[in-house]
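>>> Predicted coordinates and the sequence they were generated for:
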Amino acid sequence: MRVCLSCGGSLKHRRSDARYCNPSFAQMQGANLSNVNLIGGSFSFTNLQGANLSGARITFTGITGVNLRDARLRATDGYFGAIVGSDMRGADLRGMAFPNSDINGTDLRGADMRDMNLINADFTGSKLEGADLRGSHSATR
């Protein structure tokens, strides 16, 4: 089922397809986007606070100013090329892959980042106080 998030489409069907949707600047706090195909979407400046993106398929080449505070992205199948100036405080990011990603100026305080692939990720200007990085793999650029 193909839906458009910016038009308020229905996401009631498992494995809904919202590829290349552009809900930038949308207010989607608390949304249930679990198991949705979000590949190629643009979510810059979108409010996804407390949203459930568990099991979603995500590939963002770059997002800016997204509110993912307390969001659940555990077991998400995807890749973030760059996350700039975003709020990810308290987010559940367990097991995600951010290899070679630019995570600049992003607030990750208190985020659950266990078992992540952070190899060559650049966290310049980001806040990581209280983030749980146990089991994550990283190397510096």
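Now that the structure is in, tell me what you want to look at.

>>> Under the pLDDT cut-off, which ranges of this protein? List them.
Along the chain, the model assigns pLDDT under 70 to residues 1-23, 60-61, 140-141.

>>> what are the ranges of the strands in it?
Assigned by DSSP state E, the chain shows strands spanning 57-60, 63-64, 77-80, 82-84, 102-104, 117-119, 137-139.

>>> mind checking which of these is nearest residue 46?
Checking the strands of the chain against residue 46 by Cβ to Cβ gives strand 63-64 as the closest, at 8.2 Å. For glycine as for every other residue, the C-beta is placed from the backbone atoms N, C-alpha and C.

>>> Tell me the helices and strands packed up against the closest one.
strand 82-84 (3 or more Cβ pairs under 8 Å, 6 or more residues apart in numbering; DSSP states H and E).

>>> Can you name every helix or strand that the strand it packs on contacts?
strand 63-64, strand 102-104.

>>> can you list these in CSV and add distance to residue 36?
Shown next, in CSV, are the helices and strands packed on strand 82-84 (distance: least, Cβ to Cβ, whole Å):
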stretch, distance to residue 36
strand 63-64, 16
strand 102-104, 23
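
>>> okay, the ones you listed in JSON lines with distance to residue 29 and mean neighbour count next?
Listed next are those as JSON lines, based on distance: least, Cβ to Cβ, whole Å; neighbours: other Cβ atoms under 10 Å:
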{"stretch": "strand 63-64", "distance to residue 29": "16", "mean neighbour count": "20"}
{"stretch": "strand 102-104", "distance to residue 29": "22", "mean neighbour count": "19"}
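
>>> For residue 47, find the nearest of those strands.
Minimum separation from residue 47 across the helices and strands packed on strand 82-84 (Cβ to Cβ) falls at strand 63-64, 12.5 Å.

>>> ok, that closest one: who's next to it in the sheet?
The pairing partners recorded for strand 63-64 under DSSP bridges are strand 82-84 (parallel).

>>> any residues touching the partner strand, and which ones?
Identification of contacts with strand 82-84 by Cβ atoms under 8 Å, 6 or more residues apart in numbering yields 60-66, 101-106.

>>> what does stretch 62-75 give?
29, 42-56, 58, 80-96, 112.
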